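J.: this one's sequence-less:
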């Protein structure tokens, strides 16, 4: 059983009648419901407003895959929490970054790029094309499917070259976008998925829900959480795997930790 | 003419007799000298001790490729300068990260991973193998070459999968390392190169100097510095490339800037 | 249950006393036994000497993952069978290419490169390092493990840049090698794994057997076999997803198949 | 000075009035003219009808970058010539594959995949978007540009994951395509570029001509042609870079060539 946590910013659901009408229990709850409909996933939720944004070290340690939706308040997310999430990803936790979370602190931190793009909120049609048909995230999907209304996100999308591009998006107004892209950061799988503007019922769409379920399965770690991944251990000459003799000048005294 | 800046931490040259003896004018000066021997490069230097670490916005704007060597004082590098360097890279400036700068703020920021590794300072032999013989960074090099003494850096090296792996390192004590790896971050080319421990004469080695010259040529930008790369411009419905009519509810008022 | 087929050339087992002593039932049987010890895999074998090399279309259609070991007789493998295997991979069948099969027809066909390397048969020690610790193929393995005797395979290894490099090999005689690398070709996952010289007991090694089991799980298809992957279907104007009107001159008459 | 050869199939120019009217001297001549307008390139042409298709070993040895346009007669291209071209690419010759040459023998051989796609000849509008703005192939181009009429090529495009995706194509009828993608095969750079249907004046377009010029500069080899890239040389124990003693059983006698 894969343990997923759906993190939602949970602001526009409270401040916009439009969003509240589509997602009366919050976007995070809608997404979690989609995941819980899968027999192999058990999903809970966390929000910006929770203590520690609902993401303590203990909870992250017990999370296989974290999904992240944010838009209005990226800057209010605690740097401490962002660092905890990053370290969890490096150790093997999967991360699925949704829509406007392209500008979230955690995504920018893991990508090392601005993650900028162009956008237009016009309710236009988007058509998603599968570019890598055999990919687990595309399991059971047709070669293409449509969202009658989505926010346009356009290239150039300032991300590193992905490991694989799974979906491309076509927009009615003339733009294209790399809408589903995978990365590995340390031991953790990362998937960015572009659809999900809060004023449209995207997360009620059957194909979108299938993508999310597939992505959780794909992103789940293959191994127990890796510890100490930020450390650079010294391998003493005495322990060298092949017999060698120390020679030459030294900066470090025996047993000394490395500089950081 | 490619304008290169060699940034050196310049600490161990001042505090260690061993290092000072090998690099009497500083490692940065030795590297700059190697670059200036190439007819197509003009290299200057900057150090941690300079005002703004020698890296003002004006100077970065005028730099094609920045080389970065640091070890003892990564934490003393100003976050403001790191952010300026990152934005310059995203806009197209090349960046060459040397040896212990795997743990520099700028490299970790651009990679989005811990950049950790294992290490041993034993003066052991390293042999560098070219894995991508046609790569511009390997121009004029033999299939392999040796450094009689280098610090061992061992896998796992916590970096994202590189664009290309140009060199692998073999160490006498039994380890291997991805010693030369390329990345693109935004419009900027990034090259990490592992050799260069300060207690050995690595930057006097002819093959190493050839790699550095090649890498500067490879990393030099193909186009003028790209501006505003961190911004996400709105594309109004009125300006849509294909005629569309706005529909559906809206979060944003006309002309409003996007949320960040 | 994943259906694996282990294909063995089965020549040196018949002609060399040394090989026969290590693998009395053939290398393919030893490998199949390792896979069958896993509760999720059922493995059978096929050899060069079988009719159609044991690889009919019907059998390939029913195979999730094919493992391929060959050395002395790459040229004797039927081009018809190679084409069937390639099409099965493109449709989603996993393929694991072992040791000297770097020069097999099927691997060269799928890579599009010479797949050449350097080699030495000296019984020297190899140490395999995990470079991507979170990868499913590295599940349950230590950071490094040794084979007291392996054939040296050295860089440059003329393959395309892998999707991910999972293992690097260190050799006692001074070489390094990208010993475990992944690719996707169409819908199919491909893994090349370097150890496995027939005069050494490599496939009896517990770590090697674990890698093979992991690799079969990783390479197993996520979806049913994809059909018609070599075809380029015409999308008539009448069926266009967005309403368009045909205009301009035409090379093709309505309903005509494309040129190949 | 980069030496380019533009290879054209040169059939529809002879058999179709429409094509002949747009390209009276042949598409290959039009492309060569575009390249020769650049001070750093000297381009000649070769066609299917020439002896050896105009591509002898001597000419390939003297070619830095080969451009390839074919459509109606992929099957008539000699396998001998295809093998020569492949070996030239592996040795460092650049290759630019144009439009319908996605189904050429040489592209399929170098990719190891079917290179299939969907298509529609309806004169619809295509808009090309730059996804990697800093790439040398995008030098001097706007973020997007249009071709008022192009043949639609749609995903899924059965290619391996590219090294970098430089252009995405948006089509009026609702499809998207990875229209400009880079690969390395051996020492050779490969660029596939989708526009170029023979019934439209694509190769007269200023932006397209700029892409071709840029691509030739990008694809030009960094080093002299690499020889013997298909060979797997034995490294005798006597020549081992680190002193080792041969041990264990041997399949190969001293000095013997490896099996293929």
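T.: Received it, and whenever you're ready, just let me know what you need. Computed from a predicted model, the values in this text were never measured in an experiment.
J.: Please count neighbours and contacts with C-alpha atoms only from this point.
T.: Fine.
J.: quick one: low-confidence ranges for chain A?
T.: Residues of chain A that meet the criterion pLDDT under 70 lie in A:254-256.
J.: Report the separation between residue A:168 and chain B.
T.: Counting by C-alpha to the nearest C-alpha, to the nearest Å, the gap from residue A:168 to chain B is 18 Å.
J.: What ranges does the stretch 51-200 of chain A have for its strands?
T.: With DSSP state E, counting those that start in this stretch, the ranges of strands along the stretch 51-200 of chain A come out as A:65-69, A:94-98, A:118-130, A:144-154, A:164-171, A:176-185, A:188-193.
J.: Packing partners of the longest one?
T.: So that's strand A:118-130. For strand A:118-130, the contact count by 3 or more C-alpha pairs under 8 Å, 6 or more residues apart in numbering or on different chains; DSSP states H and E identifies strand A:144-154, strand A:164-171 as packing neighbours.
J.: Tell me if the first one is near chain C.
T.: Pointing back at strand A:144-154 there. No. With C-alpha under 8 Å from any C-alpha of the partner chain as the measure, strand A:144-154 is seen stopping short of chain C, the closest distance being 10.0 Å.
J.: Neighbouring strands of that strand in the sheet, and parallel or not?
T.: Paired neighbours of strand A:144-154 in the sheet (DSSP bridges): strand A:118-130 (antiparallel).
J.: how big is the angle separating the strand it pairs with from strand A:176-185?
T.: Relative orientation of strand A:118-130 versus strand A:176-185 (axes from the mean of the first three to the mean of the last three C-alpha atoms, to 10 degrees): 80 degrees.
J.: by how many degrees do strand A:118-130 and strand A:164-171 diverge?
T.: If you take the same axes, to 10 degrees, strand A:118-130 sits at 120 degrees to strand A:164-171.
J.: Pull the number of nearby residues for residue A:52.
T.: By the criterion of other C-alpha atoms under 10 Å in any protein chain shown, residue A:52 has 15 neighbours.
J.: check contacts around it.
T.: Neighbouring residues of residue A:52 by C-alpha atoms under 8 Å, 6 or more residues apart in numbering or on different chains: A:78, A:81.
J.: Quick one: residues contacting residue A:78.
T.: When contacts are counted by C-alpha under 8 Å, 6+ apart, residue A:78 touches residue A:52.
J.: Flag every residue of the stretch 1-150 of chain A that's near chain C.
T.: Contact residues (C-alpha under 8 Å from any C-alpha) of the stretch 1-150 of chain A with chain C: A:91, A:92, A:132, A:133, A:134, A:135, A:136, A:139, A:140.
J.: which one among the residues you listed gets closest to residue B:248?
T.: Nearest to residue B:248 among these: residue A:140, at 29.6 Å, using C-alpha to C-alpha.
J.: how would you label the nearest residue to that closest one once chain neighbours are set aside: helix, strand or coil?
T.: Once flanking residues are discounted, residue A:140 sits nearest to residue C:223: 7.3 Å by C-alpha to C-alpha, 6 or more residues apart in numbering or on different chains. Counting by DSSP: H, G, I helix; E, B strand; the rest coil, the backbone at residue C:223 sits in coil.
J.: Okay, helices next: where are they in chain A?
T.: Along chain A, counting by DSSP state H, helices occupy A:12-15, A:17-22, A:27-36, A:57-61, A:79-91, A:105-111, A:206-219.
J.: how many neighbours does the residue nearest to residue A:140 have?
T.: Residue C:223: 17 surrounding residues under other C-alpha under 10 Å.
J.: still on that earlier bit, most neighbours of all the residues of the stretch 1-150 of chain A next to chain C, which one?
T.: residue A:92 (32 neighbours).
J.: ok, that one - contacts?
T.: A:186, A:187, A:188, A:189, A:221, A:222, A:223, A:224, A:225, A:226, C:134.
J.: how many neighbours does residue A:243 have?
T.: Neighbour tally, residue A:243, other C-alpha under 10 Å: 12.
J.: Ignore what I typed, I meant residue A:81.
T.: Residues contacting residue A:81 under the criterion other C-alpha under 10 Å number 18.
J.: Now do it against chain D, distance only.
T.: 31 Å.
J.: contacting residues for that residue?
T.: Contacts of residue A:81 by C-alpha under 8 Å, 6+ apart are A:52, A:53, A:55, A:56.
J.: let's go with 7 Å and repeat that
T.: For residue A:81, the contact set (C-alpha atoms under 7 Å, 6 or more residues apart in numbering or on different chains) comprises residue A:55.
J.: And it, how far from residue D:89?
T.: Distance of residue A:81 to residue D:89, computed by C-alpha to C-alpha, to the nearest Å: 49 Å.
J.: Tell me, how many residues neighbour the residue nearest to residue A:105 when sequence neighbours are not counted?
T.: Excluding the flanking residues, the one nearest residue A:105 by C-alpha to C-alpha, 6+ apart is residue A:74, at 6.5 Å. For residue A:74, the tally of surrounding residues (other C-alpha under 10 Å) stands at 19.
J.: Thought residue B:260 was touching residue A:74, still the case?
T.: Yes. Counting by C-alpha atoms under 7 Å, residue A:74 does reach residue B:260; the two are 6.3 Å apart.
J.: now the end-to-end length of stretch A:251-260.
T.: OK, stretch A:251-260 end separation, C-alpha to C-alpha: 14 Å.
J.: Tell me how many other residues surround residue A:111.
T.: Using other C-alpha under 10 Å: residue A:111 sits among 26 other residues.
J.: residue contacts, it?
T.: Residue A:111 makes contacts with A:159, A:160, B:111, B:112, as judged by C-alpha under 7 Å, 6+ apart.
J.: Show me the one in those that has more neighbours than the rest.
T.: For the contacts of residue A:111, the largest number of neighbours (other C-alpha under 10 Å) sits with residue B:111, at 26 neighbours.
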